[in-house]
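Student: fold the following and give me the result.
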Amino acid sequence: MDGYPLIENHGLIGDLQTAALVTTEGAVDWFCSPRFDSPSVFGALLDKEKGGHCTVRPAHPTHSTKQLYLPDTAILVTRFMTEAGAGEVIDFMPVTGTTATSRHRLARLVRCVRGTMTFDVEIAPRFDYGRSKHELHVTPHGAVFVAEDGTELTVHPIREPEDEPLRDILTHRDADLQVSLTLKAGDQRGLILEMGADGPPREIRHDEHERLFEEAAGFWRSWLAQSRYAGRWREMVERSAITLKLMTFAPSGAVVAAPTAALPEQLGGERNWDYRFTWIRDASFSVYALLGLGFTEEARAFIVWLGDRVKERAGREGNTGPLNIMYKVDGSSDLTELILDHWEGYEGSAPVRIGNGAATQLQLDIYGEALDSIYFAHQHGFEVAHGGWTSLRTDLEWLADHWDQAEEGIWETRGGRQDFTYGRVMSWVAFDRAVRLAESKGWPSAADRWKAERDTVYEQVMAKGWSGDRKAFVQHYGSEVLDSSLLRMATVGFLTPGDPMWASTLDAMEEELVSDSLVYRYNPDASPDGLRGSEGTFSLCTFMYVDALARAGRTNRARLVFEKMMGYANHLGLYSEEIDPTGRQLGNFPQAFTHLALIDSAITLNEALDRRQVQPLPY
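Tutor: Next up, the predicted model:
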């Protein structure tokens with residue numbers, strides 16, 4: 001491979017248990033198996049020499065590329081054009097069921113659509129993050145890569161009996177595989193890479209591939225047809241919905257924060273985190289987005305997953321309470337953070353981290369997000385069973401005893417605990433939603449205590465979270481620093497959108513945290529977070545800003561910010577975590593939180609625009 005592609009120069013494909021990234025140059029440079037959080041098979045995204053890849057690209061050095069999704073699907077088409085011909089690679093993963101499996105297939109069809117074109121194919125896996133050596137076994141019908149631990153990657157060629165034999169076009173070097181394909185208009189070849197195959201390599205006829213293709217297309221189009229969204233930004237909203245579905249682990253219903261690990265928030269910096277896990281906070285937000293679009297089964301699956309997490313540790317004390325802030329997709333909680341010293345990191349951004357040391361942090365806001373999502377689901381007809389309610393009551397008793405303490409906060413800072421205002425606000429939400437649930441159902445509860453705690457939290461936030469000098473709510477007690485997490489204060493009902501204190505907070509954030517419509521999380525220079533370097537604007541926060549503006553009646557401004565933000569999506573409508581001052585995407589990609597916030601803000605803004613006559617945009 002050449003140098004590192006831009007983070008945004010990728011598309012995402014997946015089978016609802018794992019996923020792969022495909023560059024605009026036809027390289028699969030990130031793929032983990034059998035799950036999102038499993039070791040990588042292809043990892044050139046984090047080390048172009050040692051990470052491994054599967055690349056299909058024209059032999060001609062001068063070519064242009066285009067990339068698109070087939071409409072309403074997760075089937076990716078990468079097109080190559082030269083003067084002599086045009087060709088394309090069609091990538092998808094056949095969708096697995098809801099039972100966890102080690103069998104995962106990546107289909108790559110190569111075809112020429114004009115003139116002639118020679119494609120160079122290279123398959124160079126590097127198992128276990130490049131830590132495991134492998135052998136290559138070539139047969140008359142395909143090939144098998146076998147890692148030291150017995151893990152196998154099988155290559156099935158897509159060809160007809162009359163096509164040239166594989167042995168005539170195949171070479172191999174250093175246990176990697178190279179194939180040269182010369183095609184004329186109308187010709188097509190390809191391969192299916194299979195993890196956990198139940199048999200030896202075999203030749204796959206085009207009609208079998210076509211059946212897999214139609215099944216995948218049919219699945220995605222049928223799934224997307226459930227969407228009820230009919231607003232102004234339908235294409236972007238539905239692409240975000242498909243992206244979130246691609247990041248859902250179907251056997252459990254858990255949504256990963258991103259399918260990647262260690263992509264930097266600052267090039268060359270140390271803010272390189274593993275996001276292939278399920279955060280209580282992020283996934284709770286998915287309930288609003290999914291139900292807002294009409295995807296009830298996905299919302300229900302996550303609520304069941306969340307309920308299991310609530311029940312399994314109810315009543316346990318510990319330093320961080322009965323809920324962890326994040327879990328693996330199967331609900332387990334061993335997320336020990338390790339550094340892959342043998343990898344250089346994306347564009348030299350080391351350390352490369354797998355696992356996540358923030359898993360043991362105390363973040364009080366997660367109880368509010370969990371209770372808010374459960375309450376929201378309850379309003380949409382989801383029932384809370386007796387066992388679940390009993391566990392929730394136990395968790396709330398823990399929160400009632402522990403909410404008034406310092407914590408690490410929503411942004412997982414590593415500079416020491418603080419009395420974060422957002423954590424207090426969401427503790428208020430937890431008590432408020434619990435009271436509403438109990439009163440709506442007549443269930444046994446400690447409602448009197450919850451009300452008292454709710455009111456105490458409210459009074460404390462108003463007294464200590466407000467800065468008279470800044471005329472704004474601040475990041476943590478005793479500081480003058482602003483924090484965009486507080487954009488949710490009106491969304492969750494802590495303040496009314498028309499409250500003068502909220503209006504002045506929005507004005508202060510506009511002045512300090514907003515740069516040409518893009519929003520920073522906070523200013524790390526003013527509020528040290530224990531890490532070196534800086535970061536870009538946080539795309540989640542920009543969409544939260546749109547939502548807050550729309551709720552406050554500032555619809556013209558909200559629409560302008562939203563439309564500008566649409567311009568920062570990549571060519572496929574995907575967003576990573578952050579955007580740097582040059583407009584380049586940074587951080588793990590794509591990020592679920594960003595796409596969730598896009599959906600929420602699109603729904604809120606669309607409804608606000610429908611309620612009033614909008615004045616012309618400023619320019």
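
Student: alpha carbons only for contacts and neighbour counts from here, please
Tutor: Will do.

Student: burial of residue 302, as a residue count?
Tutor: For residue 302, the count of nearby residues is 23 (other Cα atoms under 10 Å).

Student: so it, which state does it fall into?
Tutor: helix (DSSP: H, G, I helix; E, B strand; the rest coil).

Student: which residues does the closest residue to it other than its chain neighbours contact?
Tutor: Nearest non-adjacent residue to residue 302, counting by Cα to Cα, 6 or more residues apart in numbering: residue 253, 4.8 Å away. Residues in contact with residue 253 (Cα atoms under 8 Å, 6 or more residues apart in numbering) are 298, 301-302, 304-305.

Student: now residue 253. Its backbone dihedrals?
Tutor: When read as degrees, to the nearest 10, the backbone of residue 253 gives phi 90, psi 0.

Student: got the confidence number for it?
Tutor: Model confidence at residue 253, given as pLDDT, is 92.

Student: roughly how far apart are it and residue 303?
Tutor: 8 Å (Cα to Cα, to the nearest Å).

Student: and what of residue 398?
Tutor: From residue 398 to residue 303 the distance is 21 Å (Cα to Cα).

Student: okay, these two: which has more neighbours?
Tutor: residue 303 (23 against 17).

Student: residue contacts, that one?
Tutor: 287, 374, 377.

Student: ok, the last one - contacts?
Tutor: Which is residue 377. 287, 291, 299, 303.

Student: which stretch of helix or strand covers it?
Tutor: helix 365-379 (DSSP states H and E).

Student: name the next helix or strand downstream of that helix, please.
Tutor: Assigned by DSSP H and E, the successor of helix 365-379 is helix 386-402.

Student: now restrict the contacts of residue 377 to buried residues only.
Tutor: 287, 291, 299, 303 (16 or more other Cα atoms under 10 Å).

Student: of these, which pair is most distant in space?
Tutor: 291 and 303 (11.6 Å; Cα to Cα).

Student: how near is the closest residue to residue 495 other than its chain neighbours to residue 292?
Tutor: Spatial nearest neighbour of residue 495, chain neighbours left out: residue 489 (6.1 Å); criterion: Cα to Cα, 6+ apart. In this view, residue 489 and residue 292 are 20 Å apart by Cα to Cα.

Student: equivalent analysis for residue 5, please.
Tutor: Residue 5 is 35 Å from residue 292, by Cα to Cα.

Student: and what of residue 46?
Tutor: 36 Å.

Student: residues near the residue nearest to residue 486 when sequence neighbours are not counted, how many?
Tutor: Spatially, and ignoring its direct neighbours in sequence, residue 486 is nearest to residue 422 (5.9 Å; Cα to Cα, 6+ apart). Other residues within reach of residue 422, judged by other Cα under 10 Å, total 27.

Student: surely residue 422 is within a helix?
Tutor: Yes - counting by three-state DSSP, residue 422 is part of a helix.

Student: what does the helix or strand where residue 594 lies rub up against?
Tutor: Applying DSSP H and E as the criterion places residue 594 in helix 592-611. With contact meaning Cα under 8 Å, 6+ apart, helix 592-611 is reached by 231-233, 237, 240-241, 243-244, 247, 255-258, 282, 285-286, 288-289, 292, 539-540, 543-544, 546-547, 550-551, 553, 555, 558-559, 574-577.

Student: list buried residues within the residues you listed.
Tutor: Members of the contacts of helix 592-611 classed as buried by 16+ other Cα under 10 Å are 237, 240-241, 243-244, 247, 255-258, 282, 285-286, 288-289, 292, 539-540, 543-544, 546-547, 550-551, 553, 555, 558-559, 574-577.

Student: sort out for me which of those are in strands.
Tutor: Under the assignment DSSP state E, these contribute residue 255 to strands.

Student: just the ones of the buried ones among the contacts of helix 592-611 in helices?
Tutor: Using DSSP state H, the subset of the buried ones among the contacts of helix 592-611 located in helices is 237, 240-241, 243-244, 282, 285-286, 288-289, 292, 539-540, 543-544, 546-547, 550-551, 555, 558-559.

Student: quick one: name whatever helix or strand follows the least confident helix or strand in the chain by mean pLDDT.
Tutor: Within the chain, no helix or strand scores below helix 166-169, which has a mean of 64 by mean pLDDT, DSSP states H and E. Using DSSP H and E, the helix or strand that follows helix 166-169 in sequence is strand 170-173.

Student: which secondary structure elements does that following strand contact?
Tutor: strand 176-184 (3 or more Cα pairs under 8 Å, 6 or more residues apart in numbering; DSSP states H and E).

Student: ok, the strand it packs on: who's next to it in the sheet?
Tutor: Pairing partners of strand 176-184, with direction, according to DSSP bridges: strand 104-124 (antiparallel), strand 170-173 (antiparallel).

Student: give me the contact list for that strand.
Tutor: 111-125, 136, 169-172, 189.

Student: which ChimeraX command selects the buried ones in those residues?
Tutor: Here is the ChimeraX command that picks out the buried ones among these, judged by 16+ other Cα under 10 Å:
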select :111,112,113,114,116,117,118,119,120,121,122,123,124,125,136,170,189
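
Student: number of nearby residues for the residue lying closest to residue 37 once chain neighbours are set aside?
Tutor: Of all residues not flanking residue 37 in the chain, residue 276 sits nearest, at 5.3 Å (Cα to Cα, 6+ apart). By the measure other Cα under 10 Å, the count of residues near residue 276 is 27.

Student: got it, and residue 592?
Tutor: Residue 592 has 33 nearby residues by other Cα under 10 Å.

Student: phi, psi of the residue of the chain most remote from its centre?
Tutor: When distances to the mean C-alpha position of the chain are computed (Cα atoms, centre = their mean), the maximum falls on residue 162, with 43.5 Å. With angles defined as degrees, to the nearest 10, residue 162 sits at phi -80, psi -10.

Student: separation between it and residue 186?
Tutor: Counting by Cα to Cα - residue 162 and residue 186 are separated by 15 Å.

Student: could you do residue 214 as well?
Tutor: Taken as Cα to Cα, the span from residue 214 to residue 186 is 19 Å.

Student: show me the helices in the protein, by range?
Tutor: 127-130, 166-169, 206-224, 234-246, 280-293, 296-312, 365-379, 386-402, 421-441, 447-464, 500-512, 539-551, 555-566, 592-611.

Student: a markdown table for those helices, including distance to residue 51?
Tutor: Compiled in a markdown table, the helices of the chain are given as follows (distance: least, Cα to Cα, whole Å):
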| stretch | distance to residue 51 |
| --- | --- |
| helix 127-130 | 6 |
| helix 166-169 | 25 |
| helix 206-224 | 28 |
| helix 234-246 | 23 |
| helix 280-293 | 29 |
| helix 296-312 | 33 |
| helix 365-379 | 35 |
| helix 386-402 | 43 |
| helix 421-441 | 39 |
| helix 447-464 | 48 |
| helix 500-512 | 40 |
| helix 539-551 | 28 |
| helix 555-566 | 32 |
| helix 592-611 | 24 |
